[in-house]
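K.L.:
Prediction below, plus the sequence it came from.
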Amino acid sequence: MIVQLLQRIWPGLIAAVIIAIAALFLAEHYRASAMLFALLLGMAVNFLGQEGRTVEGVKWTSSTALRIGVALLGLRITFGEIAGLGVGVTLMVVGAVVVTIVFGALLGRIVYATSHARQFGLLSGGAVAICGASAALAVAAILPKHSMSDRDTTFTVIGVTALSTIAMVIYPLISHALGFTDREAGIFLGATIHDVAQVIGAGYSVSSEAGDTATIVKLLRVAMLLPVILVLSILFRRQHVSADGEQKKPPFLPWFAVAFGVLVALNSMVSIPKELLTIANDLSRFLLVTAIAAIGMKTQLKELVVLGWRPVLLIVAETIFLAILIIAAMKFAT
């Protein structure tokens, strides 16, 4: 069975892997987002995802490889790191994640004028609130599929990656202007910037203490991926429809969400060698970059052009909302 699967998917899988390797090389050379490079390179050869022998492999990579990569994110987090932040910071970050996602869903209905407005609001809100492109991919895997699913996912990844890069430069300046201490700056940066790499870059540009704090706060947001996925899976379980129009409910608990939780617990209870954790983290990153390359291969640029200003406004509004919410909470707490 596995051999038969590999025979069907290997052309598309190999194509996505090659693009991912190229994207990682470019990201290292130009100090930019590997996911953004993978997405753009994938879109440049989108014909591979439209017809021919590569189609099935591209489809498999954009779904199953994606889910494996998300599951492995669990090895980045331990319960001890989260507990070390304190109750106040933990509640603030968790509350901000929930409120931002709800805000995205509500604003999506107003701004994004399609029949799937709430889904796009949840997708973009989850990406902004949790961990950028990785969260966008994970949430997209849960939401019911429709004709614009891949286009919405692609646009969200582009949007949150661009805004995360801008925030990496601007947010340290904002934290300095607000008079935050190094620890407070780390909390602010970790709680507001979308992607992990940009959080680390922004945090350590302030100080080592700010960088360490920002990383842990960011990992708390990554940990919120599990409950968010579970809640969305329950909410949309009845709306999954098969190609022939019949109801096709997914498992009550998605397997990759269960694996994510198990790996967090394992990493918290067992001392896993750092070398093994490094390998797992690198594999997770590579799988996510490969998956986004495959999504790019399924997307045509002209589909994004017709989106207009509404989704741009939505993602920017969610980003600003999260930053203001965290600043207000921190000022109120002090």
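P.N.:
Right, received. Where do you want to start? Nothing here was measured: the structure is a model prediction, and the numbers come from that model.
K.L.:
Contacts only, for residue 195.
P.N.:
Contact analysis of residue 195 by CB atoms under 8 Å, 6 or more residues apart in numbering lists 33, 35, 131-134, 160-161, 164. C-beta: built from backbone N, CA, C; applies to glycine.
K.L.:
now the helices for the stretch 1-150 of the chain?
P.N.:
Applying DSSP state H, counting those that start in this stretch to the stretch 1-150 of the chain gives helices spanning 2-30, 34-44, 55-60, 66-72, 79-83, 87-111, 117-129, 133-142, 149-177.
K.L.:
can you tell which of those helices is closest to residue 272?
P.N.:
Among these, the nearest to residue 272 by CB to CB is helix 66-72 (12.3 Å).
K.L.:
Alpha carbons of that closest one, as CSV, please.
P.N.:
In CSV, the C-alpha atoms belonging to helix 66-72 read as follows (Å, rounded to 0.1, in the frame of the first residue of the first chain):
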residue,chain,number,x,y,z
LEU,A,66,1.6,19.7,6.2
ARG,A,67,-0.1,17.9,9.1
ILE,A,68,3.1,16.0,10.0
GLY,A,69,5.0,19.3,10.1
VAL,A,70,2.4,20.8,12.4
ALA,A,71,2.4,17.8,14.7
LEU,A,72,6.2,18.1,15.1
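K.L.:
what's that helix packed up against?
P.N.:
helix 133-142, helix 255-269, helix 274-297 (3 or more CB pairs under 8 Å, 6 or more residues apart in numbering; DSSP states H and E).
K.L.:
could I get those helices as a markdown table with distance to residue 312, mean pLDDT and mean neighbour count?
P.N.:
Below are the helices and strands packed on helix 66-72 laid out as a markdown table (distance: least, CB to CB, whole Å; pLDDT from 0 to 100; neighbours: other CB atoms under 10 Å):
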| stretch | distance to residue 312 | mean pLDDT | mean neighbour count |
| --- | --- | --- | --- |
| helix 133-142 | 15 | 84 | 27 |
| helix 255-269 | 30 | 86 | 18 |
| helix 274-297 | 19 | 90 | 21 |
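K.L.:
of all those helices, which lies closest to residue 151?
P.N.:
Nearest of the helices and strands packed on helix 66-72 (CB to CB): helix 274-297, 9.8 Å.
K.L.:
gap between the closest one and the chain center?
P.N.:
Between the centre of helix 274-297 and the centre of its chain there are 13 Å (CA atoms, centre = their mean, to the nearest Å).
K.L.:
swap in stretch 94-107?
P.N.:
On CA atoms, centre = their mean, the centre of stretch 94-107 falls 15 Å from that of its chain.
K.L.:
residues in contact with that stretch?
P.N.:
Against stretch 94-107 from outside (CB under 8 Å, 6+ apart): 118, 121-122, 124-126, 128-130, 191, 220-221, 224, 228, 314, 317-318, 321-322, 325-326, 329.
K.L.:
Can you mark which positions in that stretch are buried?
P.N.:
94, 96-101, 103-105, 107 (16 or more other CB atoms under 10 Å).
K.L.:
Name the SS class of residue 228, please.
P.N.:
helix (DSSP: H, G, I helix; E, B strand; the rest coil).
K.L.:
Grab the nearest non-local neighbour of it.
P.N.:
residue 126 (6.0 Å; CB to CB, 6 or more residues apart in numbering).
K.L.:
Show me what secondary structure element comes after the worst-scoring helix or strand of the chain on mean pLDDT.
P.N.:
In the chain, no helix or strand scores lower on mean pLDDT, DSSP states H and E than helix 301-305, which sits at a mean of 61. Downstream of helix 301-305, the first helix or strand assigned by DSSP states H and E is helix 310-333.
K.L.:
circling back: what about the residue nearest to residue 228, how many residues close to it?
P.N.:
Per other CB atoms under 10 Å, the neighbour tally for residue 126 reads 31.
K.L.:
What residues of the helix or strand hosting residue 185 count as buried?
P.N.:
Using DSSP H and E, residue 185 falls within helix 182-192. Going by neighbour count (16+ other CB under 10 Å), the buried part of helix 182-192 is 182, 184-192.
K.L.:
Output those residues as CSV; include the columns pLDDT and distance to residue 138.
P.N.:
Listed next are the buried residues of helix 182-192 as CSV, based on pLDDT from 0 to 100; distance: CB to CB, whole Å:
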residue, pLDDT, distance to residue 138
182, 93, 31
184, 93, 29
185, 94, 28
186, 93, 25
187, 94, 24
188, 96, 24
189, 95, 22
190, 93, 19
191, 95, 19
192, 95, 19
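K.L.:
Show me which of those residues is closest to residue 280.
P.N.:
With CB to CB as the yardstick, the closest approach to residue 280 among the buried residues of helix 182-192 comes from residue 190, at 21.8 Å.
K.L.:
From what I see, the closest one and residue 212 are in contact.
P.N.:
No. Look at residue 190 against residue 212 with CB atoms under 8 Å: they stay out of range, at 9.7 Å.
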